[in-house]
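1. generate coordinates for the sequence data below:
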Amino acid sequence: MRILSAAFQAHLDGGTTTLAWCWRIERADGEVFGFTDHDRPLVFGGTAYEPESGFSASEIRAGSELAVDAQEAQGVLTSDRITETDILDGRWDNAMIEVWRVNWVDVSQRTLMRRGNIGQVRRGKAAFIAEVRSLAHVLNQTVGRTFQYYCDAALGDARCGVDLDDPAYRGAGSIVAVIADRVFEASGIEGFAAGWFELGFLEWTSGANAGRRAEIARHAVGGGQVLIELFEAPVRTLAAGDGFVIRAGCDKQFATCKAKFGNVVNFRGFPHMPGDDVVLRYANRGDANTGRPL
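-> Residues are numbered from 1 along each chain as shown. Sure thing, here's the model as predicted:
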């Protein structure tokens, strides 16, 4: 049950209201932003809520069950604080958000309507729509380990233990020629076998995308060329001479962990777990399926 201050309740009971929506957003990098659909800046709780973003909100869809409640916030990309580049870079993904209902005449009269996270962001040439998910979405996330065939550790993290700064798994190079928006010919990594960097990542060290990271879909070697294909085109256009640091990738399989990284002792999957074939197989005379207990 939401309890309102006496002054705010009296304002609502008066019939004529001066209400506005305010959104306080805290990104994963610690940056805090405030936006409002009012036509003047509002300040409360140590956060300034600016109107220049052009934010507007849909109705709040909520239920009494555990389904994820949702609301949509629409805004214009011309705000100095909301850029298309930041959206493409994922800096707004899963940001914490608070939605307030405020009396813009007296901002001390306000109530917190909901807390949640920014979900899907749909963008166009001039505007974006951000989904605001309730805290119930956390219940849909996997907590703890999963009994599965593949390793559930991230390559190079504390559970994995592989040192991705080892020269065997790390290289540095630059773009020789751009083939497509996410495919390019590279130099400086000719000593690595084809496929070595697939499912890995690279960090741009120079050029328009400097400081950003990209995942690698394909690493091909042949005809004196080294080709790198990314899963997604970078935010800014690639150009010859752009430098990068590239690191090996892993497909999470036991055989890869053993042959490529020699790291079986830290494998975090269950490679010997029975599969569907154990359920479907039947006893045959003369082979391994004799019908005896496994």
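2. how deep is the residue lying closest to residue 232 once chain neighbours are set aside tucked in, by neighbour count?
-> Excluding the flanking residues, the one nearest residue 232 by C-beta to C-beta, 6 or more residues apart in numbering is residue 182, at 6.5 Å. To be clear about C-beta, it is placed using only N, CA and C from the backbone, and glycine gets the same treatment. Neighbourhood size, residue 182 [other C-beta atoms under 10 Å]: 17.
3. can you verify my assumption that residue 182 contacts residue 227?
-> No - assessed by C-beta atoms under 8 Å, residue 182 is found out of contact with residue 227, at 11.2 Å.
4. dihedrals phi and psi, residue 210?
-> phi -50, psi 130 (degrees, to the nearest 10).
5. and it, what does it touch?
-> residue 204 (C-beta atoms under 8 Å, 6 or more residues apart in numbering).
6. per-residue pLDDT, it?
-> On the pLDDT scale, residue 210 is placed at 91.
7. for the spatially closest residue to residue 86 that is not a sequence neighbour, which residues are in contact?
-> Spatial nearest neighbour of residue 86, excluding adjacent residues (C-beta to C-beta, 6+ apart): residue 92 at 6.3 Å. Counting by C-beta under 8 Å, 6+ apart, residue 92 makes contact with 25, 27, 82, 86, 118, 121, 130.
8. low pLDDT regions in the stretch 101-250 of the chain?
-> Applying pLDDT under 70 to the stretch 101-250 of the chain flags the ranges 122-128, 134-142.
9. ranges for the strands of it?
-> Under the criterion DSSP state E, counting those that start in this stretch, strands of the stretch 101-250 of the chain are mapped to 110-123, 127-134, 170-180, 183-187, 201-204, 213-222, 225-230, 243-247.
10. in JSON lines: those, plus distance to residue 48 and mean neighbour count.
-> Listed next are the strands of the stretch 101-250 of the chain as JSON lines, based on distance: least, C-beta to C-beta, whole Å; neighbours: other C-beta atoms under 10 Å:
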{"stretch": "strand 110-123", "distance to residue 48": "15", "mean neighbour count": "16"}
{"stretch": "strand 127-134", "distance to residue 48": "20", "mean neighbour count": "19"}
{"stretch": "strand 170-180", "distance to residue 48": "42", "mean neighbour count": "16"}
{"stretch": "strand 183-187", "distance to residue 48": "43", "mean neighbour count": "18"}
{"stretch": "strand 201-204", "distance to residue 48": "33", "mean neighbour count": "20"}
{"stretch": "strand 213-222", "distance to residue 48": "31", "mean neighbour count": "16"}
{"stretch": "strand 225-230", "distance to residue 48": "38", "mean neighbour count": "19"}
{"stretch": "strand 243-247", "distance to residue 48": "38", "mean neighbour count": "20"}
